[in-house]
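Q: sequence-free structure coming up:
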């Protein structure tokens, strides 16, 4: 029997607005995921270390500060350096479309904008991990 999917939700950088991250964390938990929320002002190093310690399947970053072109790649790079490059990094925030394409090219998963329904994020994660979700639910 497979373990429940574990998702780390983090707020990197100096951005102090975490309402959206908390809503996503709660929505993912309510959808059956195991969620770890790290809180505000996390460095990429802290996030990568927490992802390893918590043995997560994915890391969801919430970035509203405009530092997405630095913070997302740093987390992906650090996970790779620590031998955990298979951990999905996805997220959301205010990210221009051209930056989304660049980030996806660097290995970042789907990026969600303001107003995204939780259902859409849940469906993305279930699709992305369909082999594990099917085992968990018995589908």
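A: Structure's in. What do you need? Source: prediction; values computed, not measured.

Q: Am I right that residue 92 sits in a helix?
A: No. Counting by DSSP: H, G, I helix; E, B strand; the rest coil, residue 92 falls outside a helix, being strand.

Q: do you know how far it is from residue 115?
A: 10 Å (CB to CB, to the nearest Å). (C-beta placed from N, C-alpha, C; glycine too.)

Q: Over to residue 16?
A: 20 Å.

Q: neighbour-wise, which of these two wins?
A: Legend: neighbour count by other CB atoms under 10 Å for residue 16 and residue 115, higher for residue 16 (10 against 7).

Q: residue ranges with poor pLDDT in the protein?
A: Along the chain, segments meeting pLDDT under 70 span 1-3, 133-139.

Q: Give me the residue at the spatial middle of it.
A: residue 60 (1.3 Å; CA atoms, centre = their mean).

Q: What residues does that residue make contact with?
A: Contact partners of residue 60, counting by CB atoms under 8 Å, 6 or more residues apart in numbering, are 7, 8, 9, 10, 21, 24, 28, 90, 91, 92, 121.

Q: what's the burial count for the third one?
A: When neighbours are defined as other CB under 10 Å, residue 9 has 27 of them.

Q: Touching, residue 89 and residue 74? I think so.
A: No. Counting by CB atoms under 8 Å, residue 89 stays clear of residue 74, with 10.1 Å between them.

Q: between these two, who's got more neighbours?
A: More neighbours surround residue 89 than the other of residue 89 and residue 74, with 25 against 17 (other CB under 10 Å).

Q: doesn't that one fall inside a strand?
A: Yes. Using three-state DSSP, the assignment for residue 89 is a strand.

Q: Show me what it is bridged to.
A: Beta-bridge partners of residue 89, counted by DSSP bridges, are residue 59.

Q: ok, it to residue 30 distance?
A: Separation of residue 89 from residue 30 (CB to CB): 22 Å.

Q: returning to what we had before: any idea how far the residue nearest to the centre of the chain lies from residue 5?
A: Taken as CB to CB, the span from residue 60 to residue 5 is 12 Å.
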